[in-house]
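Trainee: Sequence plus predicted model, see below.
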Amino acid sequence: MHKKVIHTHDAPAAIGPYSQAIAAHNLLFISGQLPVDPGTGEVVAGGAKEQALQSLANLQAILKASGTDVHAVVKTTVFLKDLADFQIVNEVYAGVFTKDYPARACVQVAKLPKDVLVEVEAIAILEN
């Protein structure tokens with residue numbers, strides 16, 4: 001089995017013993033992206049909208065480093081601290097994924113790392 005670690009300085013470094021993403025065969029598994037500014041290492045200011053924008057920007061940076069973009073994403077999971085933010089996060093999400101939407105799960109969780117409001121993970125298909 002062949003796997004490749006994907007890393008870019010355009011997305012925040014992992015805060016634990018995991019990789020930003022792993023490419024295996026023709027799939028890319030992107031770890032949950034927090035709303036952390038890769039330049040400062042700090043959680044972005046603002047609410048769910050700003051945090052969703054940053055989490056998705058980080059996800060896009062990893063996709064780019066892998067040689068692809070959001071059109072290759074087939075599955076996402078969105079983790080929210082509060083499902084009351086569902087609509088605003090949906091609006092941000094729809095600005096990134098504009099057609100042929102990936103399959104998705106969206107769940108409320110008790111707590112996220114760094115006490116953020118939003119985290120997004122994804123699976124994408126890579127061209128051979």
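Mentor: Right, received. Where do you want to start?
Trainee: So Val73 is in contact with Gln60, correct?
Mentor: No. Between Val73 and Gln60 there is no contact under C-beta atoms under 8 Å: 9.7 Å. Any C-beta I mention is one placed from the backbone N, CA and C, and that applies to glycine too.
Trainee: quick one, strands of the protein?
Mentor: For the chain, the strands defined by DSSP state E occupy 3-6, 21-24, 27-33, 73-80, 103-108, 118-125.
Trainee: higher neighbour count, Val73 and Gln60?
Mentor: Of the pair Val73 and Gln60, Val73 is the one with more neighbours under other C-beta atoms under 10 Å, namely 24 against 19.
Trainee: Identify each buried residue in the longest helix anywhere in the chain, please.
Mentor: In the chain, assigned by DSSP state H, the helix with the most residues is helix 48-65. Buried residues in helix 48-65, counted by 16 or more other C-beta atoms under 10 Å: 48, 50-63, 65.
Trainee: Can you tell me which helices and strands the lowest-mean-pLDDT helix or strand in the chain packs against?
Mentor: The weakest-scoring helix or strand in the chain, judged by mean pLDDT, DSSP states H and E, is strand 3-6 (a mean of 95). The elements that strand 3-6 packs onto, with contact taken as 3 or more C-beta pairs under 8 Å, 6 or more residues apart in numbering; DSSP states H and E, are strand 21-24.
Trainee: All set, thanks.
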